[in-house]
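> Got a sequence here, can you model it:
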Amino acid sequence: IMPAIYISYALAISRFVDMVTDPLVGFLSDKLDTRFGRRIPLVAFGTIPLALTTFAFFFPPQGNPDMAFVYLAVVGSLFFTFYTIVGAPYNAMIPEIGRNQTERLNLSTWQSVFRLVYTAIAMIIGIVIGSGIFFKSDNILIATGGNVVLGVIIFCFAAVSIIFGSLTVAELASRTDEPG
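The predicted model follows:
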């Protein structure tokens, strides 16, 4: 088991990398000029690596705290970098999609509502699985017959959903200049 101080340092390193990449991605997102727009290429580019780095969090090296520390620092740094590459341009699309203040407020509100709902669902599922209500085991992956392939499929499905949603919303927004 990795000491808590290692976890703290690894996450601090990850957040430091995030502190550096946030303004860089914001600048790039504002200056990028492609036939797909400024934001969509970044969302499309970062989504699959974001899904893979999220998945990588669940498979740290075992038995060597030093290697686990390096792994967590690197995976955490990559995660926050790709999260910024996807999240910053995605959120920056709101003012570009909404034609007036009311539309932008509604988009932002619904985005927050759905983020809250899926976060709550993920937390509830995690608590139910981890609490031992359904599985009395120290190794939940073995008890549930954990399947890495299924996990990859789910993460890829989520990635495709993000890309498809971004492309669809941008396409719909470009079809009309009228509010609504």
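> Following element in sequence after the lengthiest helix in the chain, please.
Assignment by DSSP state H gives helix 65-97 as the longest helix of the chain. Where DSSP states H and E defines the elements, the next helix or strand beyond helix 65-97 is helix 101-131.
> For that following helix, buried residues please.
Judged by neighbour count (16 or more other C-beta atoms under 10 Å), helix 101-131 contains these buried residues: 103, 107. All C-beta atoms are positioned from the backbone trio N, CA, C, and that covers glycine.
> just to revisit the earlier point, which helices and strands does the longest helix of the chain pack with?
Packing partners of helix 65-97 (3 or more C-beta pairs under 8 Å, 6 or more residues apart in numbering; DSSP states H and E): helix 4-31, helix 40-56, helix 101-131, helix 148-174.
> what about stretch 28-47, how long is it end to end?
Start-to-end span of stretch 28-47 (C-alpha to C-alpha, to the nearest Å) is 16 Å.
> Give me the residues contacting that stretch.
By C-beta atoms under 8 Å, 6 or more residues apart in numbering, the surrounding residues in contact with stretch 28-47 are 25, 82-83, 85-86, 88-90, 92-93, 96, 159, 162-163, 166-167, 170.
> Filter these down to the buried ones and express that as a PyMOL selection.
Of these, the buried ones go into a single PyMOL selection, burial set by 16+ other C-beta under 10 Å:
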select buried, resi 25+82+83+85+86+88+89+90+92+93+159+162+163+166+170
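> which residue is nearest the centroid of the protein?
With distances taken as C-alpha atoms, centre = their mean, Y83 lies nearest the centre of the chain, 4.9 Å away.
> Tell me where the model's unsure across the chain.
By pLDDT under 70, the low-scoring segments of the chain are 125-151, 166-180.
> try 50 this time
Along the chain, segments meeting pLDDT under 50 span 179-180.
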